[in-house]
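1. got a predicted structure here, sequence first:
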Amino acid sequence: MELKTPEESKTTLTDLVLPSETNPLNNLFGGELLARMDRAASIAARRHSRRIVVTASVNHVAFNKAVPLGSVVTVEAKVSRTFKTSMEIFLDVWIEDRESGRRTKANEAIYTFVAVDDMGNPVPVPPIEPQTKLEKDRFDAALRRKQLSLVLAGKMQPSEATELKALFE
Ligand SMILES: CC(=O)SCCNC(=O)CCNC(=O)[C@H](O)C(C)(C)COP(=O)(O)OP(=O)(O)OC[C@H]1O[C@@H](n2cnc3c(N)ncnc32)[C@H](O)[C@@H]1OP(=O)(O)O
């Protein structure tokens, strides 16, 4: 299968925060942001694999900075690593200052998607080659994150998670 780059899957969703999407503090509701990130990640995974894709797990979400009502929010998603049928998608969330246009990182998240056929059975995805330093760092750490996710889901024995265990040795 053709080798691809993370940039080829890059997906950018920009939208406003409307009153119906906020919590009592007038900040973006966490579930709304999760849904936006899931949509962006789904498109990135589809662009990489050119297949039907499903969310397998949400591996990490950090709501580091509240996103106020009226903000312009940009969600950027890229495939950071592929395995056999699964893809790790890294998401960065930015908010934009109204006057200066300067972007501030608000949140990040990591999702795992799996490519499937019409019957929902997992199918192989193209390999990926990171290009930039950030892409290489994310690629290198992705195997440990996959092992952690599988261990927590009860789908891998801790003793088999060799790269993850090496972190603590
Ligand atoms: C866009 C959306 O929102 S879709 C709606 C929400 N999502 C869904 O409905 C998906 C429902 N779940 C499923 O269909 C299935 O559980 C699937 C397709 C995700 C996995 O199917 P399984 O029968 O478990 O297949 P299998 O064990 O071969 O796993 C497939 C891949 O997923 C990976 N995987 C499965 N669970 C996890 C997990 N919790 N964390 C990380 N990777 C996982 C496996 O490691 C494997 O990866 P690999 O082939 O790259 O090594």
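-> In hand now; what should we look at?
2. doesn't residue 43 lie inside a strand?
-> No - using DSSP: H, G, I helix; E, B strand; the rest coil, the assignment for residue 43 is helix, not a strand.
3. residues contacting it?
-> Shown in contact with residue 43 (C-beta atoms under 8 Å, 6 or more residues apart in numbering): 11, 77. Where C-beta positions appear, they are placed from N, C-alpha and C, glycine not excepted.
4. how close does it get to residue 103?
-> Noted for residue 43: a distance of 20 Å to residue 103, by C-beta to C-beta, to the nearest Å.
5. same question for residue 21.
-> Distance of residue 21 to residue 103, computed by C-beta to C-beta: 20 Å.
6. more crowded one of those two?
-> In terms of neighbours (other C-beta atoms under 10 Å), residue 21 is the more surrounded of residue 21 and residue 103; the figures are 19 against 13.
7. quick one: the spatially closest residue to the more buried one that is not a sequence neighbour from the ligand, how far?
-> Nearest in space to residue 21, with sequence neighbours left out and distances taken as C-beta to C-beta, 6 or more residues apart in numbering, is residue 32 at 4.5 Å. From residue 32 across to the ligand, the span is 15 Å (C-beta to the nearest ligand atom, to the nearest Å).
8. give the buried residues for the lengthiest strand in the chain.
-> Counting residues, the longest strand found in the chain (DSSP state E) is strand 103-116. By neighbour count on 16 or more other C-beta atoms under 10 Å, the buried set for strand 103-116 is 106-116.
9. next one: stretch 20-32
-> 21-22, 27-28, 32.
10. end to end on that stretch, go ahead and measure it.
-> Length of stretch 20-32, first residue to last, C-alpha to C-alpha, to the nearest Å: 10 Å.
11. next: stretch 60-75.
-> Stretch 60-75 stretches 15 Å from its first residue to its last (C-alpha to C-alpha).
12. got the buried residues for that stretch?
-> For stretch 60-75, by 16+ other C-beta under 10 Å, it's 61, 63, 66-67, 71-75.
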